[in-house]
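Colleague: here you go, sequence then predicted model.
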Amino acid sequence: MELDTPTLATLFEQLGLESDEASIDSFIGQHPLSNDVKLIDAEFWTQQQAIFLKEKLRQDDDWAPVVDELNQRLHPKE
């Protein structure tokens with residue numbers, strides 16, 4: 001059985017968050033991170049969410065690019 005490539009929506013589903021485009025954009029807009037805060041260290045994650053994100057980055061599997069995308073979107077450009 002072949003799995004679909006993860007998307008930002010499926011990442012949000014895995015994190016237990018609303019996963020429609022408007023909810024994702026709203027979450028990102030409400031949770032900007034300063035450049036000195038790593039994605040996995042953000043205070044708004046539950047322990048389980050932080051562990052999930054850390055594992056996906058460490059495994060460098062199909063989820064890693066989506067986690068990287070979230071990381072980039074949460075760190076505003078200066």
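Modeller: Good, I have the coordinates.
Colleague: contacts, neighbours, all on C-alpha from now
Modeller: OK.
Colleague: tell me the contacts of residue 63?
Modeller: Counting by CA atoms under 8 Å, 6 or more residues apart in numbering, residue 63 touches 5-6, 11, 56-57.
Colleague: could you dump the residues you listed into TSV with neighbour count added?
Modeller: Formatted as TSV, these follow (neighbours: other CA atoms under 10 Å):
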residue	neighbour count
5	9
6	14
11	18
56	18
57	18
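Colleague: out of those, which sit inside helices?
Modeller: 11, 56-57 (DSSP state H).
Colleague: quick one on the thing from earlier: list just the nearest of the contacts of residue 63 to residue 32.
Modeller: Nearest to residue 32 among the contacts of residue 63, counting by CA to CA, is residue 11 at 17.7 Å.
Colleague: distance of the closest one from residue 24?
Modeller: Applying CA to CA, to the nearest Å, the value for residue 11 to residue 24 is 10 Å.
Colleague: equivalent analysis for residue 7, please.
Modeller: Using CA to CA, one gets 12 Å for the distance from residue 7 to residue 24.
Colleague: residue 68: which of the ones in helices among the contacts of residue 63 is nearest?
Modeller: Nearest to residue 68, judged by CA to CA, of the ones in helices among the contacts of residue 63 is residue 57 at 8.0 Å.
Colleague: the spatially closest residue to that closest one that is not a sequence neighbour - how many residues pack around it?
Modeller: Spatial nearest neighbour of residue 57, excluding adjacent residues (CA to CA, 6 or more residues apart in numbering): residue 64 at 5.0 Å. Other residues near residue 64 come to 18 when the count uses other CA atoms under 10 Å.
Colleague: just give me the neighbour total for the closest residue to residue 52 other than its chain neighbours.
Modeller: Counting by CA to CA, 6+ apart, residue 15 is the residue found nearest to residue 52 once chain neighbours are left out, at 7.8 Å. Per other CA under 10 Å, the neighbour tally for residue 15 reads 17.
Colleague: my read: residue 15 touches residue 50, true?
Modeller: No - Residue 15 is not in contact with residue 50 according to CA atoms under 8 Å; the separation is 9.1 Å.
Colleague: where exactly do the helices run in the protein?
Modeller: With DSSP H, the ranges of helices along the chain come out as 8-14, 21-30, 47-59, 64-74.
Colleague: that's all I had, so thanks and see you.
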